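J.: When you get a sec, could you give me coordinates for this:
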Amino acid sequence: MPVLNRVAEMQDEIAGWRRTLHQQPELDFAVYKTAEFVQQKLAEFGVDEIATGIGRTGVVGIIKGSKGAGATIGLRADMDALPMQEITGKAYQSQTPGVAHACGHDGHTAMLLGAAKYLAETRNFAGSVAVIFQPAEEGGGGGREMVQDGMMDRFGIDRVFGMHNLPNLPVGKFAIKPGAIMAATAEFTIVVKGRGGHAAMPHTTIDPISIGTQLVTALQSIVSRNANPVESLVVTVTKFHAGDAYNVIPERADIAGTVRALKQDLAVLAEKRMKEICNGLAVAHGIEIELDYDANYPVTMNDPVEAVFAGAVAAEVAGAANVDLEAPPLMAGEDFSYMLEARPGAFIFLGNGGSAPLHHPAYDFDDTAIAHGVSYWIRIAETALAT
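T.: The predicted structure is shown next:
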């Protein structure tokens, strides 16, 4: 079954919603205008129940089918933007300086609204559909907050599905795989506390820069010498700051970075080895090294059965040749992982064509992908809740 005719008719309307949202990007949990827009649209569509304030600023709409009682499935979209300046030059570009929808969450929200409108019109299913609009995906853990707020039990959600656009995957194509599809993530900051002094008399100091460079090198051994080389683990140092003058050895060096892993035990290994390396270098040099390790999102783990189901639905929409059922996982993180820990489900990628990469200032969601994404959501609901 290809793109639905009714959805194709709605294309311009949904794209208009998307561009409105694109102009008013909001960060983290402060998605007040976006949540209000979603709430208003759901009310216009005549959904049966609208719940706000789930996970602080999340919105859930419940649409009941016309074919009697049944299960409830959840369809989730994220609403928040990124703290960066847009450079697309589009007529509808962000009107908020330093904030941009550079990950396509405006497109995700608009597509789920389109699906909600169609499902509320047709109701060709048994049971209920919960359309989930989540805040704070970009590091805030809004998915965790919604789960902890009791969303799954409150609305009786049995299965849950998520979707994200993917640049360089052609529009009209999908990609999915069973098991790990996105990585567990963590952030770390390290403070090397040395003893500063004159650069011409290094013997009177304990140089935190010298120790810090040893530390950065040692951290690379976690991947190269502690992890199985056929498994995916990334330890990346992204910040190193120390000193402000040519002739002064500073008191401290500040180091920060990220860890990504496709297995939870690898994430645990990375944290353990990082602590050991910091402690060992501190003892060796007679100084203090502080490590703050913040384990963020867990691995986004697709249920094997639900991944096959989602892939089959995508093939109905796009054709089997346009669905990659063994997609390579991404080392980026995704807090839909918390919903997949709470309920079986699957996360799928939707082609965004040859756009700029995600999180790039020139990125923009491709509106021609809308009909494919909306049709997928509708067919997921109708197939999962068929009588």
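
J.: contacts and neighbour counts: CA atoms only from here.
T.: OK.

J.: Show me the strands in the stretch 251-387 of the chain, by range?
T.: Along the stretch 251-387 of the chain, the stretches classed as strands by DSSP state E, counting those that start in this stretch are 252-261, 288-295, 300-302, 323-324, 345-351.

J.: just checking, what packs against the second one?
T.: In this case it means strand 288-295. strand 184-193, helix 264-285 (3 or more C-alpha pairs under 8 Å, 6 or more residues apart in numbering; DSSP states H and E).

J.: re the thing from before, turn the strands of the stretch 251-387 of the chain into CSV, columns for mean neighbour count, mean pLDDT and distance to residue 281.
T.: Converted to CSV, the strands of the stretch 251-387 of the chain look like this (neighbours: other C-alpha atoms under 10 Å; pLDDT from 0 to 100; distance: least, C-alpha to C-alpha, whole Å):
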stretch, mean neighbour count, mean pLDDT, distance to residue 281
strand 252-261, 22, 98, 14
strand 288-295, 17, 97, 8
strand 300-302, 27, 98, 34
strand 323-324, 20, 98, 46
strand 345-351, 26, 98, 41
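
J.: Any chance of JSON lines for the ones you listed, columns distance to residue 170?
T.: Output for the strands of the stretch 251-387 of the chain, formatted as JSON lines (distance: least, C-alpha to C-alpha, whole Å):
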{"stretch": "strand 252-261", "distance to residue 170": "26"}
{"stretch": "strand 288-295", "distance to residue 170": "33"}
{"stretch": "strand 300-302", "distance to residue 170": "22"}
{"stretch": "strand 323-324", "distance to residue 170": "11"}
{"stretch": "strand 345-351", "distance to residue 170": "5"}
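
J.: The closest residue to residue 275 other than its chain neighbours: what's it in contact with?
T.: Leaving aside its chain neighbours, residue 275 sits nearest to residue 291 (7.1 Å; criterion: C-alpha to C-alpha, 6 or more residues apart in numbering). For residue 291, the contact set (C-alpha atoms under 8 Å, 6 or more residues apart in numbering) comprises 188, 189, 190, 191, 275, 278.

J.: Make sure residue 214 is indeed in a strand.
T.: No. Residue 214: not assigned to a strand; according to DSSP: H, G, I helix; E, B strand; the rest coil it is helix.

J.: dump the residue contacts of residue 381.
T.: By C-alpha under 8 Å, 6+ apart, the residues touching residue 381 are 73, 125, 129.

J.: Much appreciated, bye for now.
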